[in-house]
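Asks: the following comprises the amino acid sequence and a computationally predicted model.
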Amino acid sequence: DSGVTQTPKHLITATGQRVTLRCSPRSGDLSVYWYQQSLDQGLQFLIQYYNGEERAKGNILERFSAQQFPDLHSELNLSSLELGDSALYFCASSGQGGTEAFFGQGTRLTVV
Amino acid sequence: EDQVTQSPEALRLQEGESSSLNCSYTVSGLRGLFWYRQDPGKGPEFLFTLYSAGEEKEKERLKATLTKKESFLHITAPKPEDSATYLCAVPYTGNQFYFGTGTSLTVIP
């Protein structure tokens, strides 16, 4: 158990819909990262938050947004969903200074 | 420009047949190199952090080493339960992590 909790584990939704994925980081970790992993693809960095503030953006679509709340949990919002958004979405957290990131078990999103 | 390149993409080993996986990187001012194991449909599981050339870390049948340009993950006498995708990652630009595409290891009984 990495200490990072993601909910829900599975999500099936229709095209055009909006969903919210939730992540609780490890206790004490201020950084939260979101990654997308499509079938047979590598981990694609989406966005990073540090202590409530956006720190870095990767290949995140405009239809996607995220935030980190004062209690440090984070949510990834995906809207106007397309079939191609079907993927595993991982959250990870880390401490300061580039220390290792610990991953949650992911949310498997299926858009039908 | 790729920051991290892993090879081979896939590796099939007989049980007990030792081998090495490679991770080469081009990030300057390395602030650590991380190895992860990922099972299908699961989140990457942290294995090792290496910080400086010459450093080695071991865990069961796995040993990770680091040079100035690359890292190796040596697998000694692997077992079928070692089958997984092994990922390496380096931090850059603050706390972002750049992941390689991984080596898919299959150990045949």
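Replies: Structure's in. What do you need?
Asks: now the strands for chain B?
Replies: Ranges of strands in chain B, per DSSP state E, are B:4-7, B:10-14, B:19-25, B:33-38, B:45-50, B:56-59, B:62-66, B:70-75, B:84-92, B:96-99, B:103-108.
Asks: closest one to A:Ser74 among those strands?
Replies: Counting by C-beta to C-beta, A:Ser74 lies closest to strand B:96-99 out of the strands of chain B; the figure is 15.4 Å. C-betas here are computed from N, CA, C, even on glycine.
Asks: ok, that closest one: who's next to it in the sheet?
Replies: strand B:84-92 (antiparallel) (DSSP bridges).
Asks: quick check: residues of chain A near chain B?
Replies: Those residues of chain A that sit near chain B, judged by C-beta under 8 Å from any C-beta of the partner chain, are A:2, A:4, A:31, A:33, A:35, A:42-43, A:45, A:48, A:50, A:55-56, A:58, A:88, A:90, A:92, A:94, A:96-106, A:108.
Asks: same list, the strands of chain B, but as TSV with mean pLDDT please.
Replies: Shown next, in TSV, are the strands of chain B (pLDDT from 0 to 100):
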stretch	mean pLDDT
strand B:4-7	93
strand B:10-14	97
strand B:19-25	96
strand B:33-38	96
strand B:45-50	95
strand B:56-59	96
strand B:62-66	97
strand B:70-75	97
strand B:84-92	91
strand B:96-99	82
strand B:103-108	97
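Asks: JSON lines for these, including distance to A:Ala66 and mean neighbour count?
Replies: Supplementary listing: the strands of chain B in JSON lines, determined by distance: least, C-beta to C-beta, whole Å; neighbours: other C-beta atoms under 10 Å in any protein chain shown:
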{"stretch": "strand B:4-7", "distance to A:Ala66": "24", "mean neighbour count": "19"}
{"stretch": "strand B:10-14", "distance to A:Ala66": "33", "mean neighbour count": "14"}
{"stretch": "strand B:19-25", "distance to A:Ala66": "27", "mean neighbour count": "19"}
{"stretch": "strand B:33-38", "distance to A:Ala66": "22", "mean neighbour count": "24"}
{"stretch": "strand B:45-50", "distance to A:Ala66": "22", "mean neighbour count": "19"}
{"stretch": "strand B:56-59", "distance to A:Ala66": "33", "mean neighbour count": "13"}
{"stretch": "strand B:62-66", "distance to A:Ala66": "32", "mean neighbour count": "20"}
{"stretch": "strand B:70-75", "distance to A:Ala66": "31", "mean neighbour count": "20"}
{"stretch": "strand B:84-92", "distance to A:Ala66": "20", "mean neighbour count": "23"}
{"stretch": "strand B:96-99", "distance to A:Ala66": "14", "mean neighbour count": "22"}
{"stretch": "strand B:103-108", "distance to A:Ala66": "29", "mean neighbour count": "18"}
